[in-house]
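Visitor: Fold the following and give me the result.
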Amino acid sequence: MTVSHLKKKDQLILIAHIDQSIVIQHLERIKISTKFFIDPHYFFFLKKVFINTLCVMHIDNKNQIQVIVINVYSKKIIINPFDQLVIIDCRIPKKIKCKESSLLSHSKRGNHCFGSTGI
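Guide: A predicted model of the protein is given here:
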């Protein structure tokens with residue numbers, strides 16, 4: 001799955017694409033594939049984590065999002081195939097046009113005001 005079909009703002013649930021259940025012991029870490037590929041020009045934000053532990057998002061050299069799960073608790077964690085891992089927000093970056101100016105006296109924010117950027 002890729003983000004080529006996304007709207008300007010979409011929420012996606014990433015699931016564990018693994019063949020068998022994984023047991024993560026205390027202070028052990030494991031990288032879990034999501035089989036989700038993201039365009040490097042998109043922004044994504046971690047919205048919610050379904051696993052009660054530390055999760056780190058990782059993008060590999062093929063632009064696949066992977067979730068690194070680190071068990072910081074004393075009891076073991078079991079992740080089953082196709083378990084929900086995280087929810088992410090994907091955003092398409094906005095195109096910004098800049099116009100060079102030597103005088104920023106008038107803008108949509110007002111004339112000669114603090115924060116007048118010349119937009």
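Visitor: What residues does the spatially most central residue of the chain make contact with?
Guide: Nearest residue to the geometric centre of the chain (Cα atoms, centre = their mean): residue 44, 3.1 Å. With contact taken as Cβ atoms under 8 Å, 6 or more residues apart in numbering, residue 44 is in contact with 38, 57, 65, 88-91. For the C-beta atoms, the positions are set from N, CA and C on the backbone; glycine is no exception.
Visitor: okay if I get those residues as a markdown table plus secondary structure and pLDDT?
Guide: Formatted as a markdown table, those follow (DSSP: H, G, I helix; E, B strand; the rest coil; pLDDT from 0 to 100):
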| residue | secondary structure | pLDDT |
| --- | --- | --- |
| 38 | coil | 82 |
| 57 | strand | 87 |
| 65 | strand | 89 |
| 88 | strand | 87 |
| 89 | strand | 85 |
| 90 | strand | 80 |
| 91 | strand | 79 |
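Visitor: From residue 36, how far out is the closest residue to residue 33 other than its chain neighbours?
Guide: Distances taken as Cβ to Cβ, 6 or more residues apart in numbering place residue 17 nearest to residue 33, at 4.9 Å, with adjacent residues excluded. In this view, residue 17 and residue 36 are 9 Å apart by Cβ to Cβ, to the nearest Å.
Visitor: Equivalent analysis for residue 71, please.
Guide: Separation of residue 71 from residue 36 (Cβ to Cβ): 23 Å.
Visitor: repeat for residue 84
Guide: 13 Å.
Visitor: follow-up on the earlier one: now, among the contacts of residue 44, which is nearest to residue 32?
Guide: residue 65 (10.2 Å; Cβ to Cβ).
Visitor: so the closest one makes contact with residue 36?
Guide: Yes: counting by Cβ atoms under 8 Å, residue 65 sits close enough to residue 36 to count as a contact (4.9 Å).
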